[in-house]
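A.B. asks: Structure for the following, please:
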Amino acid sequence: MSYSCPLNFVQVDSNASRLSSLIVATLVLTYLFTSLTFILYFLVLDFSLKLFINKKYSLISFFALYFRKSFNMKEIFTDGGAKKLAGIFGLVFVLLLLLTDLLALQSLSFLIAGIFLSCSLLDLLFNYCLGCKIYHLIKKIYPNFMS
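C.D. replies: Next comes the predicted model:
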């Protein structure tokens, strides 16, 4: 996902973001196999801290950065606005998972988790961020979006 110019002039580390996707996907899979609802509460809290307070308070971001440094992975920067919108989508998915869990809608929960995991794994394995692609389309139509 390399574009010639940043759209909001904030850059984030793509490799750390991909490691975050790995951690989130692992937690969602753990939730699916164990039905431990506190995992979803943790994800809501972590996404909220990352998006609305400060990324440095996010435990997932902390571990993603730690793993990136431990494995000597290079920093690869990408547009932060796109990743922020992808994070908002992630928060929405987790909130939907929590809602379906509370309403005991297991089939719908599996469907939502499948879509969410597909998006996370696309980012992790192929560096293809679906939320980022949507962000870039919206920015073409509404240039002041998230400015």
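A.B. asks: Next, work out how far apart the most centrally placed residue in the chain and Leu65 are.
C.D. replies: Nearest to the mean C-alpha position of the chain, counting by CA atoms, centre = their mean, stands Gly87 at 4.2 Å. When distance is defined by CB to CB, to the nearest Å, Gly87 is 15 Å away from Leu65. Any C-beta I mention is one placed from the backbone N, CA and C, and that applies to glycine too.
A.B. asks: Over to Phe71?
C.D. replies: Distance of Phe71 to Leu65, given as CB to CB: 11 Å.
A.B. asks: between the two, which one's more packed in?
C.D. replies: Ranked by neighbour count (other CB atoms under 10 Å), Phe71 and Leu65 place Leu65 first, with 19 against 9.
A.B. asks: May I have the predicted confidence score for the spatially closest residue to that one that is not a sequence neighbour?
C.D. replies: Closest residue in space to Leu65, ignoring its immediate chain neighbours: Ala16 at 5.1 Å, by CB to CB, 6 or more residues apart in numbering. pLDDT recorded at Ala16 is 90.
A.B. asks: Same question for Val12.
C.D. replies: Predicted confidence (pLDDT) for Val12: 86.
A.B. asks: Contacts only, for it.
C.D. replies: 77-80, 83 (CB atoms under 8 Å, 6 or more residues apart in numbering).
A.B. asks: what about it, which SS state?
C.D. replies: strand (DSSP: H, G, I helix; E, B strand; the rest coil).
A.B. asks: re earlier: can you say which of the contacts of Val12 are buried?
C.D. replies: Among those, those classed as buried by 16 or more other CB atoms under 10 Å are 78-80, 83.
A.B. asks: export those to TSV and tack on secondary structure and pLDDT?
C.D. replies: Output for the buried ones among the contacts of Val12, formatted as TSV (DSSP: H, G, I helix; E, B strand; the rest coil; pLDDT from 0 to 100):
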residue	secondary structure	pLDDT
Thr78	strand	81
Asp79	strand	76
Gly80	helix	80
Lys83	helix	83
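A.B. asks: No further queries at this time; thank you.
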